[in-house]
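# pasting the sequence and the predicted coordinates here, then a few questions.
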Amino acid sequence: MKNWSHALKYAAAIAVIAVAYFIGTRGTDEDDTDAANATAPDPGYAARDAQLIETGYDGRERYRLNARVIRQRTESGIIELEGLAMDYHISPDKLPGESASAGPASTDLWHLTSDHGEVRANGDDVQLNGNVRVVGPAPGSGEPLSLTTESIRINTPTQFIETSAPVKLRWSGHVLDARGMQADLKAGTLRLESDVNGHFYPK
């Protein structure tokens, strides 16, 4: 009887340990699953051959972006673009409440291309990177201008373009190399920052 009593005690102890282990591991797995579900980021969206259109306060189109690939980073709200082409309209952006008919629409249009780009969640800031090329009317004169650089930032409401990278400008028979540029398209001004080196050719 003593041997049977000891055996039953051992069996009961083993059963209690097994049940405790099962409950403990199950709770841990559930906690890990809940934690993983709570922290898993939303993958956002992705598309090929997509288009983004941003309008101003007056309803007019500010810019139109076509991209080979577009994807959203939901944690930051940034939209990433690959192989993009951008048409950017230069016009006085009306304030909220003003009608679109207040003032003539500008016909000035800039065309920009680059390997990569980013658009902030509110659509106001556009960053272009890699083989950036800009073609449009030169601020102040309206003469055809082309610009090449490796990165450029555009603030669309203020119509301000800037870069700290090396740039090459071509317009009206002139070629200028510089490091850094700021262009205020509303004010019609363009400024090269440093290391300016120019070539002037007869028309």
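On my side now, so go ahead.
# so which residues of the protein form strands?
46-55, 61-73, 78-89, 109-119, 125-137, 144-155, 160-171, 174-184, 189-200 (DSSP state E).
# would you turn those strands into CSV with mean pLDDT?
Listed next are those as CSV, based on pLDDT from 0 to 100:
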stretch, mean pLDDT
strand 46-55, 88
strand 61-73, 90
strand 78-89, 92
strand 109-119, 93
strand 125-137, 94
strand 144-155, 94
strand 160-171, 93
strand 174-184, 91
strand 189-200, 79
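# adding mean neighbour count, write the ones you listed out as CSV.
Every residue, glycine included, has its C-beta placed from N, CA and C. CSV is the format used below for the strands of the chain (neighbours: other CB atoms under 10 Å):
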stretch, mean neighbour count
strand 46-55, 13
strand 61-73, 18
strand 78-89, 20
strand 109-119, 19
strand 125-137, 19
strand 144-155, 18
strand 160-171, 18
strand 174-184, 17
strand 189-200, 12
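# please name the nearest non-neighbouring residue to Trp188.
Trp isn't right for residue 188; it's Gly. Gly140 (4.1 Å; CB to CB, 6 or more residues apart in numbering).
# contact partners for the one you found?
By CB atoms under 8 Å, 6 or more residues apart in numbering, Gly140 lies in contact with 188-190.
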